[in-house]
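Asker: Sequence and predicted structure, then a few things I'm wondering about:
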Amino acid sequence: MPRQIFVPARGQYDNIGDIVLRRQLLTWLRDNGQLHVYVGKSPEGYDAGLQLRPGDIRYRSFVPWYLAAIGGAVRGSASYVFKPGEIQLTVRGMKEHLAMLPVLALVRARRGAVVRVGVGARNFSRLPRMLMGPSVALSSVSFWRDTATADYLGCGEIMPDLAFGETVSPSGSTPEPDRPRDVLIVSMRSDRPYPSAAWREAVRQSAERRGLQIWAVTQVLRDDDRSARLAEDLGGRSLRWDGTAHDRQEARLRSLYRRAALAVSDRLHILVVAATEGAVPVALTVDSSDKIARHFAAAGIFDITVPTAHRSAQEIAERVDELLARRAQIAEQVVAARVKLQVVRARIGAALGSSLTPESLSVPPLPPASPRLTAIHVGRRGEVAGGMTQVLNGYLSWTFDEFDTRVIASRDGSKGLRAALLAAAAAWRIVRMNDRQRTVIVVHLSQGGSFVREGALLLLARARGFATVAQLHGSTFAAFAGQKPVLVGRVLRAADIVLTLSAQTSEIARQFVPGDAVVSLPNAVPSGTPRPKEKIVVFGGAISHRKGVDVLATAWQALRDQRPDDPWTLVLAGPTIDSDVVPTGLDGAEFVGPLGHDALMALLERSSVAVLPSRHEAMPMFLLEAMARGNCIVSTRVGGIPSVLGSGSGVLVSPGDAAMLQAALEKVTTDANFRHDIVRRAEDVFAATYSAAAVFPQLERVWKSALELRSHRKGIIPPLQRRPGY
């Protein structure tokens, strides 16, 4: 029986980006059966943009389409494909996923396929995920267009956005970065604040320096008035739209994009479509959204988002210059994304029962490549602010060149039987793993019980013959190693490579393992998106003696006694460990308790100063996260902190010295120019040394080195050799 493919193609009828996504998917699906397309009450221009063909069956009413899908499923001839684009995880936005459950169940029962391709989520709350569960479970294959959605729903694979798959460039699959380009494209969302004077001046400077003509364009009808205003304010021309003849407007836009040197926008699909025609995409955002960054990262294109809040025109223009210098690299990644999409197309065809291969399609297949490698991380992941957990979350959200990343959860904060069962389950997963040639197991260790629990898992991985990395995180590792040298030595010698955060930890590790097996590499965090800054000082971490909260309380109260009307507020975020370190009634202070990681990051984006007066630390993630979010940092000379802040990118004080801490807080809260200089130096240090883009390629080389070392050793644990001093 001929295969019937039921697919909704409704969308925002005033949005040409929606047409591009759906048209691409319909083109893929026609090779696998007859299309039954639900378009709803769409205007004719929208349907023309979809390029529906005579053999496609079009439905304007939902009920006949739904009944036809039920009938096809009962006969065993139907497959169902969800529309691409963004899921609005609200009751209204999820009605397709809930209403179609009977159809999906029938399709799967009759051995049909249910496919999701090119889908991303807008928000990530818990209840919608539960409601989505049955629909996702009934899918034969799911491809998401960003890692955040895949992590949120806990299944499926990552693919570039479908809009990367189309171009009308004369060269076909390859954008033309080197052709003469005389246009700068501008288009901004009408539901966001109007771009600032610095934003507009930076765009004018970029155009003038390169002799580019500014064109403000409309790809989404509701943005049309804003395009007209931008054209007037920037001294450019406008390509407007009346909402009809969608295909002709798209052709006009693409023709202009092929002339563009760069495209400036905060709309994802303006940047994607412009990039497929050879323009350099630049997301000059006026808010804190990371949507564009997430979706371009899935295509292997990073750091095109430039937050413009509190940046001068010169600073914004310099970031634009940096992106323009990457023109050839971005063009290569766009081509690579199109090739990856053809592999996805073949995978979808296979799920629908077709024999398509990338080689049989109209563009070249991926070049021959070695199989992907895998880094399995053993530790803790989830919604926990700071620390080791966020290190793992950062790895999972990054697209590495050669490695896929996975986590085996060995703990979740529980104790007793639950904790023992979780550790046992982690051990069982390691026992069942077999691909030793391409898998490295990275075990994350701190001190105390972690060296017993995760240390045992590291020993098991080594005994199973896997390449192993011990990644050390603990703030009191030096003292612990002195107290438990036999345990520490036994565990560390089960690792091919020991990864440390500071010179002190490296020195201690070399007491137990050969020096060339120890690699020091800082933690890294994704770049932040600063919001308008408020007079807030943030402490993030456990309310404890080790974190120096007693010293902070003394310093802050002294500061308030001198300046009782000071508008600055101290916000302390974290669980209370030592209840006696903070006096009651601390003036101008707010205790918000433990925050989830996203909530803490949102707080750091608003705050101006971050403070961490710890007595002991390794390399606290809180400081790096604060640095990435434009905070002036005040901290102490302990652990790896001086190596981060010692170059003038923060203010350092002695641990336990309340008077010195008070003076530092007074300086950064009263001298705006001093604070601004610290933040700017910190941004440079972060980008060069601690950003994900700087650290993760080095980290990937460490994992690969562990695999190479494994190939030269026997799969046994070497005998313990205690080193001098322990």
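Answerer: Sure, I can see it.
Asker: drop to CA atoms for contacts and neighbour counts, all remaining ones
Answerer: Will do.
Asker: how is this structure carved up into domains?
Answerer: If you go by automatic domain parsing, the domain ranges for the chain are 4-158, 183-333, 374-524+698-710, 536-690.
Asker: Between those, which one is closest to residue 342.
Answerer: The minimum distance between residue 342 and the domains of the chain falls on domain 4-158, with 9.2 Å, by CA to CA.
Asker: re the thing from before, kindly reformat the domains of the chain as CSV containing distance to residue 343 and mean neighbour count.
Answerer: Shown next, in CSV, are the domains of the chain (distance: least, CA to CA, whole Å; neighbours: other CA atoms under 10 Å):
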stretch, distance to residue 343, mean neighbour count
domain 4-158, 11, 19
domain 183-333, 13, 20
domain 374-524+698-710, 17, 19
domain 536-690, 34, 20
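Asker: how about those domains, which one is nearest residue 344?
Answerer: Among the domains of the chain, domain 4-158 comes nearest to residue 344, with 8.2 Å by CA to CA.
Asker: can you tell me which of the domains of the chain comes nearest to residue 164?
Answerer: So among the domains of the chain, domain 183-333 is nearest, using CA to CA, at 6.2 Å.
Asker: as a whole number, average confidence for the closest one?
Answerer: Mean per-residue pLDDT for domain 183-333: 93.
Asker: how far out from the middle of the chain is it?
Answerer: Chain-centre distance of domain 183-333: 21 Å, with CA atoms, centre = their mean, to the nearest Å.
Asker: That one: end-to-end distance?
Answerer: End-to-end distance of domain 183-333 (CA to CA, to the nearest Å): 22 Å.
Asker: can you start the count at 46 instead of 1 from here on
Answerer: Sure, I'll start counting at 46 from here, so that last one is domain 228-378.
Asker: all helices of the stretch 646-771 of the chain, in order?
Answerer: 666-673, 686-690, 703-715, 717-730, 737-755 (DSSP state H, counting those that start in this stretch).
Asker: ok, now the stretch 396-545 of the chain?
Answerer: Taking DSSP H, counting those that start in this stretch, the helices of the stretch 396-545 of the chain run over residues 432-442, 461-477, 494-508, 522-528, 530-537.
Asker: Which one of the ones you listed has the poorest average confidence?
Answerer: helix 432-442 (a mean of 74).
Asker: With only the CA atoms kept, save that helix in CSV.
Answerer: Presented in CSV, the C-alpha positions along helix 432-442 are these (Å, rounded to 0.1, in the frame of the first residue of the first chain):
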residue,chain,number,x,y,z
GLY,A,432,30.6,23.7,41.3
MET,A,433,31.3,20.4,39.6
THR,A,434,27.7,19.9,38.4
GLN,A,435,27.9,23.0,36.2
VAL,A,436,31.2,21.9,34.8
LEU,A,437,29.5,18.7,33.5
ASN,A,438,26.5,20.7,32.3
GLY,A,439,28.8,22.9,30.3
TYR,A,440,30.4,19.9,28.6
LEU,A,441,27.0,18.5,27.7
SER,A,442,25.9,21.8,26.1
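Asker: so it versus helix 737-755, what angle?
Answerer: Here helix 432-442 runs at an angle of 90 degrees relative to helix 737-755 (axes from the mean of the first three to the mean of the last three CA atoms, to 10 degrees).
Asker: who touches helix 432-442?
Answerer: 192-193, 422, 424-427, 429, 450-452, 489, 518, 568-571, 665-667 (CA atoms under 8 Å, 6 or more residues apart in numbering).
Asker: Repeat the analysis, applying 7 Å as the threshold.
Answerer: With contact meaning CA atoms under 7 Å, 6 or more residues apart in numbering, helix 432-442 is reached by 192-193, 425-427, 450-451, 518, 568, 570, 665-666.
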